[in-house]
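>>> fold the following, please.
(chains A and B)
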Amino acid sequence: MLRIENLHAGYADLEVLHGVDLEVNEGEIVALIGANGAGKTTTLRAISGVIPVSSGSITFEGSSIDSWRSSKIVAEGVVQVPEARKLFADMSVRENLRLGAYRRGRSEMDATFDEVFELFPRLQERASQIAGTLSGGEQQMLAIGRALMTKPRFLMLDEPSLGLAPKLVADIFDVVRNIGKNGVTVMLVEQNAVRALELSDRGYVLENGVVALHGTGDELLGNDRVREAYLGL
Amino acid sequence: MGRKLTSDTTVNETTQGRSRAWVWTVLAIVAFVLGIFLVQSGWWDSNHSVFAQAVVSGLLIGGVYGLVAMGLSLVFGVLDIINFAHGALMTIGIYASYLLFQEYGVDPYISLLITVPLLFVVGMGIQHFAINPVMTAPVHNQLLLTLGIAIMIENILLVVFTGTPRSIELPYARESFDLGFVTLDFPLKVFGAVVSMPKLIAFVMAIVLALVLYVLIQRTWLGSAIRASAQQPEGAELVGIDINRIYMITFGIGAAAAGAAGTLVMPFLFVSPTAGATFNIIAFVVVVLGGMGSVPGALVGGLIIGLTQEMSQIFVSGSSKFLSVFVVFILVLLFRPQGIFGKAHR
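Sure thing, here's the model as predicted:
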């Protein structure tokens, strides 16, 4: 479904990715793990078109999307829940969700509202509350809900468990599993490598801007190098 | 950590709130004492019509300031660009409606239907070809660019129309209008103040356009996308909003507001290539007073600055009317730099 070949990307004077290769098949949940600064977030930002690709290619369902504008990439169904959520903090929960459906007609919007509220009843209770006043966990739910309003086919989540209480972390991982079950292909970036790999079909380990290892979730969980470097076992 | 930060902010806000209440109380007492003094001394009896004239003139021109400032504030709030070409765009509106009136006899208020779309397109073009390439450049580059555009527009107008000031006379400015329940005999007399028809129309239309703009930003789908792009550009991109298109449209709307204001003031102004420049400077003061990026703040700020400008002329005769405006400007920067409706940047 998504194929990245020899991807180089980064910021003004700093190349972060030095030739990343990875592939995600339809219906899979794929984990992307690695230390801070390895290039996980940069990979997602390059896929979403938020930062330019300097060389290499990103193809989604056969079409090359690496030079597309981010709005077109979202319209194609490639969506991410960004690190630090990037919510519209001064707007209500409902307006944040509505903006998620910006590219789609209003007629379809109501049905998706129901789906999101079913997944996160908490958001329905707080629909009129200003997003910036929600708790960290609720903000994460809203960020995921907003992304779901776009009707993604390929959803990337950047550290969804960051800064959440353990109980909430478990809830968020359940939600991710459910999203995958509903037919959305998922790419999950996580510091919490054990949980991420347990949940995922396959995983990639990024080190210094290249893929150092990849395999099924179980393979990586059993790999000595991964256990030592990322799982602390 | 998070908890500690929150409680600190709350404490901070309450102390700020208390000191603000204190300032307002002192101001109210000073105003009250001054009022009693003026009435007692007989000043009020001999000057109340001058006073009424200042209030009326101030409010009328203040509405136009509000409209000009709304465009400037919107562009600042969304694109984070301080547009020094805003006044020059207004001048284009002034000349466009002047030409339409002189050459084709188009009523200035009807010509809004042409000048507003014209400036919208001109604004989108300027954003797309000139501003967009410097969106991520340092602030001083952006300032110099918009200032350069302003100088360019003014000089093109100077070449084409020369510097000779021109003016028009509205053919119906001194007629009477029977509204059924009341007859309006222009120029109107209100509490001893004279209200000229072009200024009254400019005020009413400016307020109407300001409300239209407010509804557009607050209540429409496009407005949601504009506000989203202002609050969280990357978040907006990630829900599929084409942020470059939003920047272009927003700059177009800002330019259209300037153009509309230009058309509205044309009938009572000397038309010259620098006619809009004065409004530009005042609009900056209004935007700072109302709060950078706040659209309702721009309207309220406009009315306050209009009043300040006219009222100060009663007390300080012979002085430049802009002196008091800049005194207000400095006071705002010193005591409430975020403006009336602005949020403090911590």
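
>>> so which bits of chain B are right by chain A?
Within chain B, the positions near chain A by Cβ under 8 Å from any Cβ of the partner chain are B:2, B:221, B:224-225, B:227-228, B:231-232, B:234-244. Heads up, the C-betas are built off the backbone N, CA and C, glycines and all.

>>> any quick PyMOL command for the buried ones out of these?
This is how PyMOL selects the buried members of these, with burial counted by 16 or more other Cβ atoms under 10 Å in any protein chain shown:
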select buried, chain B and resi 224+225+227+228+231+232+235+236+237+238+239+240+241+242+243+244
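
>>> buried residues, the helix or strand of chain A with the lowest mean pLDDT. List them.
Comparing helices and strands within chain A by mean pLDDT, DSSP states H and E singles out helix A:224-226 as the least confident, with a mean of 82. Residues of helix A:224-226 classed as buried: A:Val226 (neighbour count, 16+ other Cβ under 10 Å).

>>> residues contacting that helix, please?
A:193, A:205, A:213, A:220 (Cβ atoms under 8 Å, 6 or more residues apart in numbering or on different chains).

>>> what about the third one, distance to chain B?
Separation of A:Leu213 from chain B (Cβ to the nearest Cβ, to the nearest Å) stands at 29 Å.

>>> SS state for the residue nearest to that residue when sequence neighbours are not counted?
Nearest residue to A:Leu213, sequence neighbours excluded (Cβ to Cβ, 6 or more residues apart in numbering or on different chains): A:Val205, at 4.2 Å. When classified by DSSP: H, G, I helix; E, B strand; the rest coil, A:Val205 comes out as strand.

>>> ok, now the one 10 residues further on?
Using three-state DSSP, the secondary structure recorded for A:Gly215 is strand.

>>> do the same with B:Val194
When classified by three-state DSSP, B:Val194 comes out as strand.

>>> the chain: strands as residue ranges?
No chain specified, so I'll use chain A. Assigned by DSSP state E, chain A shows strands spanning A:2-11, A:14-24, A:29-34, A:53-60, A:63-64, A:78-81, A:154-158, A:185-190, A:202-207, A:210-216.

>>> hm, I was asking about chain B
B:176-178, B:183-185, B:188-190, B:193-195.

>>> save those strands as TSV, and put in distance to B:Ala52 too.
Listed next are these as TSV, based on distance: least, Cβ to Cβ, whole Å:
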stretch	distance to B:Ala52
strand B:176-178	22
strand B:183-185	17
strand B:188-190	7
strand B:193-195	4
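
>>> return the most buried member of those.
A comparison of these by mean neighbour count, using mean count of other Cβ atoms under 10 Å in any protein chain shown, puts strand B:193-195 on top with a mean of 17.

>>> ok, it: who's next to it in the sheet?
strand B:188-190 (antiparallel) (DSSP bridges).

>>> need the residues that contact the partner strand.
If you take Cβ under 8 Å, 6+ apart as the criterion, strand B:188-190 is touched by B:52, B:56, B:194-195, B:197, B:200.

>>> how far does that strand sit from the chain's center?
25 Å (Cα atoms, centre = their mean, to the nearest Å).

>>> of all the residues in chain A, which ones are close to chain B?
Residues of chain A that fall close to chain B, judged by Cβ under 8 Å from any Cβ: A:48-50, A:69-71, A:74-75, A:79-80, A:82, A:85-91, A:95, A:98-100, A:102-103, A:136, A:146-147, A:149-150.

>>> weed out the non-buried ones from those.
A:48-50, A:69-71, A:74-75, A:79-80, A:82, A:85-91, A:95, A:98-100, A:102-103, A:146-147, A:149-150.

>>> from these, which land in helices?
If you go by DSSP state H, those have A:48, A:70-71, A:74-75, A:95, A:98-100, A:146-147, A:149 in helices.

>>> mind putting those in a markdown table, pLDDT included?
Converted to a markdown table, these look like this (pLDDT from 0 to 100):
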| residue | pLDDT |
| --- | --- |
| A:Ser48 | 95 |
| A:Ser70 | 93 |
| A:Ser71 | 93 |
| A:Val74 | 95 |
| A:Ala75 | 93 |
| A:Glu95 | 93 |
| A:Arg98 | 92 |
| A:Leu99 | 93 |
| A:Gly100 | 91 |
| A:Arg146 | 95 |
| A:Ala147 | 95 |
| A:Met149 | 94 |
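
>>> what's the most distant pair in those residues?
For those, the farthest-apart pair by Cβ to Cβ is A:Ser48 and A:Glu95; their separation is 21.9 Å.

>>> where does chain B dip in pLDDT?
Per-residue confidence for chain B (pLDDT under 70) gives these ranges: B:1-20, B:317-319, B:343-346.

>>> what segments of it are helices?
Counting by DSSP H, the helices of chain B are B:2-40, B:43-79, B:86-104, B:112-126, B:139-161, B:197-219, B:221-231, B:233-238, B:243-265, B:275-290, B:295-315, B:322-335.

>>> and the ones you listed, which is most packed in?
When you average the neighbours per residue for each of the helices of chain B (mean count of other Cβ under 10 Å), helix B:243-265 leads with a mean of 27.

>>> who are the packing partners of that one?
In terms of contacts (3 or more Cβ pairs under 8 Å, 6 or more residues apart in numbering or on different chains; DSSP states H and E), helix B:243-265 is packed against helix B:43-79, helix B:86-104, helix B:112-126, helix B:197-219, helix B:221-231, helix B:233-238, helix B:275-290.

>>> give me the longest helix you can find in chain A.
Under DSSP H, chain A gives helix A:166-181 as its longest helix.

>>> mean confidence score for it?
For helix A:166-181, the mean per-residue pLDDT is 92.

>>> and stretch A:27-40, C-alpha only, in PDB?
Extracted in PDB, the C-alpha atoms of stretch A:27-40 (Å, rounded to 0.1, in the frame of the first residue of the first chain):
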ATOM      1  CA  GLY A  27      -4.600  -4.000   6.500                       C
ATOM      2  CA  GLU A  28      -1.400  -4.200   8.500                       C
ATOM      3  CA  ILE A  29      -0.400  -2.500  11.700                       C
ATOM      4  CA  VAL A  30       3.300  -1.600  11.400                       C
ATOM      5  CA  ALA A  31       5.400  -0.200  14.300                       C
ATOM      6  CA  LEU A  32       8.200   2.200  13.700                       C
ATOM      7  CA  ILE A  33      10.500   2.200  16.800                       C
ATOM      8  CA  GLY A  34      13.900   3.800  17.600                       C
ATOM      9  CA  ALA A  35      15.700   6.100  19.900                       C
ATOM     10  CA  ASN A  36      15.000   9.900  20.100                       C
ATOM     11  CA  GLY A  37      16.400  11.600  17.000                       C
ATOM     12  CA  ALA A  38      16.500   8.400  14.900                       C
ATOM     13  CA  GLY A  39      14.100  10.000  12.400                       C
ATOM     14  CA  LYS A  40      10.700   8.500  13.200                       C
END
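
>>> state the mean pLDDT of it.
91.

>>> residues of it that come out buried?
Of all the residues in stretch A:27-40, those buried under the rule 16+ other Cβ under 10 Å are A:28-34, A:38-40.

>>> do the same with stretch A:222-231
Under the neighbour-count criterion of 16+ other Cβ under 10 Å, stretch A:222-231 has A:223, A:226, A:229-230 buried.

>>> no more questions from me, cheers.
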